[in-house]
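*Asks:* here is my input, please return the structure:
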Amino acid sequence: MAELHAPIVHFAIALTIVGVLFDLVGFALKKETLRHAGFWTFIVGVLAVWGAMFSGEAAEEVVEHFVEGTSIEDIFETHEELGKFLPWIFTALGVFRVFLYLKENMKLFVVYLILALIGIGLVGYQGRIGGKLVYEYGVGVKPLMEKMPVNPEKHHEEDD
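*Replies:* Okay, here's the model as predicted:
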């Protein structure tokens, strides 16, 4: 399941962001069809966030020993902890969104949009941390990890 983390994460990011954007534009333009699309896209995104968490836990088991004791361990731990927290945030937002789908209330919809924008901001931050782990430090990049453990401090010393 670890190898599924990257694709599932990208679905979670895209679906939650696009769902909120559909809702935002649908609200602004008073287009029920866009809010309807936003609802379904967001709800599937919430499921993808859970998938990202479960696949992330599997991926963590594979790479954790590479980051232990290195300067990126704190970044890795932040990514892991936020990854355990986000599914609960999005589940609460999803329940709120289901309520608004069943019982339209434009004042509460504005509250939902504000909270959902904060939520997708957190998803963006989480994605930035994950991207940094992969693209800057090579965590989870199989050829690199097969050759050596991650040690960014040594890497930076060689660059000087």
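*Asks:* which secondary structure elements does the longest helix belonging to the chain sit against?
*Replies:* Ranked by residue count, the top helix of the chain under DSSP state H comes out as helix 32-67. Contacts defined by 3 or more C-beta pairs under 8 Å, 6 or more residues apart in numbering; DSSP states H and E place helix 32-67 against helix 5-29, helix 73-102. Every C-beta, even on glycine, is put in place using the N, C-alpha and C of the backbone.
*Asks:* so what's Ala37 up against?
*Replies:* By C-beta atoms under 8 Å, 6 or more residues apart in numbering, Ala37 lies in contact with Phe22, Gly26.
*Asks:* can you rerun that using 6 Å?
*Replies:* Phe22 (C-beta atoms under 6 Å, 6 or more residues apart in numbering).
*Asks:* just the one 10 residues further on next, same as before
*Replies:* When contacts are counted by C-beta under 6 Å, 6+ apart, Leu47 touches no other residue.
*Asks:* one more pass at 10 Å, please.
*Replies:* Shown in contact with Leu47 (C-beta atoms under 10 Å, 6 or more residues apart in numbering): Ile8, Phe11, Ala12, Leu15, Pro87, Phe90, Thr91, Gly94.
*Asks:* ok now the longest helix of the chain, how far from the chain's centre?
*Replies:* 6 Å (C-alpha atoms, centre = their mean, to the nearest Å).
*Asks:* now that helix against helix 73-102, angle please.
*Replies:* Angle, helix 32-67 to helix 73-102, by axes from the mean of the first three to the mean of the last three C-alpha atoms, to 10 degrees: 160 degrees.
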